[in-house]
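[1] With the sequence up front, the predicted model follows.
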Amino acid sequence: MHGFAWVNEVLNRIEKSAPEEGVTKVHMIYIVRGALSHYPKDEIEFAFHTLKKGTICEDADLIFEDKPGIVRCLKCKYENEWHIYEKQCEKCNGPIEIISGQETELFKIEGM
Ligand SMILES: [Zn+2]
């Protein structure tokens, strides 16, 4: 359950930074999540709804901004959007590496 640790860290960070920005109640939390993120969306949501109680984010909603995963072929350098179960380059069957889409990041908060 890595998602719990991640959400816990994000909530702690917001709890510290929001008051510095004059926010006493958070309404929206935007999270950028790549298609290849290690944290499943439902796990993040479940962790969030469990951990937010009693925090400045208690009444906040989570909004996900999805980013595609991008892979590149090590052989022919062809770049393509990642699809589930894809392990090889679709042009030359060469091995592929992930170049983006693994991130899960707090993007911004809205509150008052
Ligand atoms: Zn290739």
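    Perfect, thanks for sending it.
[2] Give me the contacts around stretch 19-29.
    For stretch 19-29, the surrounding residues in contact (CB atoms under 8 Å, 6 or more residues apart in numbering) are 10, 14, 18, 48, 56-57, 59-63, 106, 109-112. From N, CA and C alone the C-beta is placed, and that goes for glycine too.
[3] Just the buried ones among those, please.
    Listed as buried from those are 10, 14, 18, 48, 56-57, 60, 62, 106, 109, 111; burial here means 16 or more other CB atoms under 10 Å.
[4] Show me those that map onto helices.
    Among those, DSSP state H puts 10, 14, 18, 48 in helices.
[5] ok, the second one - contacts?
    When contacts are counted by CB under 8 Å, 6+ apart, residue 14 is found next to 26, 29, 55-57, 106, 109.
[6] could you check the distance from it over to residue 4?
    Residue 14 sits at a distance of 16 Å from residue 4 (criterion: CB to CB, to the nearest Å).
[7] before we move on, what about the third one?
    Distance of residue 18 to residue 4, given as CB to CB: 21 Å.
[8] same check, this time on the last one
    As judged by CB to CB, residue 48 and residue 4 stand 9 Å apart.
[9] circling back: now the buried ones among the contacts of stretch 19-29 as a markdown table including distance to residue 72 and pLDDT?
    As requested, the buried ones among the contacts of stretch 19-29 are exported to a markdown table (distance: CB to CB, whole Å; pLDDT from 0 to 100):
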| residue | distance to residue 72 | pLDDT |
| --- | --- | --- |
| 10 | 29 | 97 |
| 14 | 34 | 97 |
| 18 | 38 | 94 |
| 48 | 33 | 97 |
| 56 | 41 | 96 |
| 57 | 37 | 97 |
| 60 | 37 | 97 |
| 62 | 31 | 97 |
| 106 | 27 | 96 |
| 109 | 33 | 96 |
| 111 | 39 | 95 |
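[10] That'll do, ta.
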